[in-house]
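Asker: sequence first, then the predicted structure, then my questions.
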Amino acid sequence: MKCLILAAGYATRLYPLTENFPKPLLCVREKTILDWLIEDIDSAHLVDEYVVISNHKFAHHFEAWAKDKPYRITVVDDGTESNETRLGAVMDIQFAIDKLQIDDEMLVIAGDNLLDFSLTAFIRYAKEKSASCIMRYYEPSEARLSKCGVIEIDEHDRVLSMVEKPAEPKSHWCVPPFYFYTRQDSRLVKAGIAAGCGTDAPGSYAAWLCGQTPVFAMEMPGHRYDIGNLESYEKVQEEYQGVC
């Protein structure tokens with residue numbers, strides 16, 4: 001299994017911290033955000049390569065960080081140098097697939113979120129389902145729902161529909177940026193792009209895919225810390241205690 005880490009954003013809302021430094025390498029407590037994520041995932045011993053997808057501006061920071069890690073880490077530079085020229089998350093996924101000729105199961109994660117539960121539970125869930133999977137959590141706020149991916153599910157957790165940033169949400173199930181794709185479904189990213197799925201939000205491919213093949217949604221068993229601005233970064237510094 002390959003783990004693709006989406007880290008090509010410019011985090012403009014965190015300036016000046018991220019004006020010349022990537023958000024995933026900011027420290028929370030004694031570790032970088034990426035170290036928290038990878039150390040947890042690697043405990044499952046199922047990932048044979050971590051692929052960090054970066055923009056050109058920050059690629060050298062990730063390469064320096066990866067040098068002394070005990071995992072196989074490949075940094076992919078998507079060639080962009082500004083927020084205005086960024087490829088978008090789904091295009092970055094396809095860029096890495098093409099660049100590295102990936103033909104494998106993929107765990108695709110945002111590199112700037114922290115969790116207080118282990119992602120290995122999500123990997124086990126996906127393996128049991130033998131299908132592509134996403135996670136879901138209940139979001140009571142209508143305003144917040146309109147800024148994320150929202151799904152409808154049946155009694156077996158199968159995703160019936162998924163819409164990114166809906167004007168009129170059909171449920172309160174919100175999707176965080178963590179996805180598992182089977183090898184077969186990893187091969188369909190290019191087809192999804194060609195069919196017109198969105199390419200900016202990382203969940204846009206999952207939204208298209210659930211209309212083509214069964215996709216299941218595991219209820220998130222804990223809390224997600226989305227580090228979007230300076231206030232949220234300060235808050236996570238105070239509150240985060242690691243993976244339970």
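Answerer: Cool, the structure landed.
Asker: wait, residue 140 sits on residue 174?
Answerer: No. Under the criterion of Cβ atoms under 8 Å, residue 140 lies out of contact with residue 174, with a separation of 9.8 Å. Quick note: C-beta positions are derived from backbone N, CA and C, even for glycine.
Asker: more neighbours: these two, which one.
Answerer: Between residue 140 and residue 174, counted using other Cβ atoms under 10 Å, residue 174 has the larger neighbour count: 22 against 8.
Asker: so what's the more buried one up against?
Answerer: For residue 174, the contacting residues are 136, 137, 138, 139, 144, 145, 148, 149, 150, by Cβ atoms under 8 Å, 6 or more residues apart in numbering.
Asker: what pairs with residue 76 across the strands?
Answerer: On the basis of DSSP bridges, residue 76 is bridged to residue 53.
Asker: hmm, back to that, reformat the contacts of residue 174 into CSV and put pLDDT and secondary structure next to each item.
Answerer: Below are the contacts of residue 174 laid out as CSV (pLDDT from 0 to 100; DSSP: H, G, I helix; E, B strand; the rest coil):
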residue, pLDDT, secondary structure
136, 97, strand
137, 96, strand
138, 95, strand
139, 94, coil
144, 87, helix
145, 90, helix
148, 87, coil
149, 91, strand
150, 95, strand
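Asker: for stretch 47-59, list every residue counted as buried.
Answerer: Of the residues in stretch 47-59, those buried by neighbour count under the rule 16 or more other Cβ atoms under 10 Å are 47, 50, 51, 52, 53, 54, 55, 57, 58, 59.
Asker: show only the entries of those found in helices.
Answerer: Using DSSP state H, the members of the buried residues of stretch 47-59 that fall in helices are residue 59.
Asker: please identify which pair of the buried residues of stretch 47-59 lies farthest apart.
Answerer: Within these, 47 and 57 form the most distant pair, 26.5 Å apart (Cβ to Cβ).
Asker: any idea how far the residue located most distally from the centre of the chain is from residue 216?
Answerer: Residue farthest from the centre of the chain, counting by Cα atoms, centre = their mean, is residue 155 at 25.4 Å. As defined by Cβ to Cβ, to the nearest Å, residue 155 lies at a distance of 12 Å from residue 216.
Asker: could you list the buried residues of the helix or strand of the chain with the lowest mean pLDDT?
Answerer: Between all helices and strands in the chain, the lowest mean by mean pLDDT, DSSP states H and E belongs to helix 142-145, at a mean of 87. Neighbour-count burial for helix 142-145, with 16+ other Cβ under 10 Å as criterion, is recorded at residue 145.
Asker: one more: stretch 1-16?
Answerer: Across stretch 1-16, burial judged by 16+ other Cβ under 10 Å covers 1, 2, 3, 4, 5, 6, 7, 8, 9, 10, 11, 14.
Asker: show me the residues you listed that map onto strands.
Answerer: Filtering those for membership in strands, criterion DSSP state E, returns 2, 3, 4, 5, 6, 7.
Asker: correct me if wrong: residue 96 contacts residue 76.
Answerer: Yes. Under the criterion of Cβ under 8 Å, residue 96 is in contact with residue 76, at a separation of 4.8 Å.
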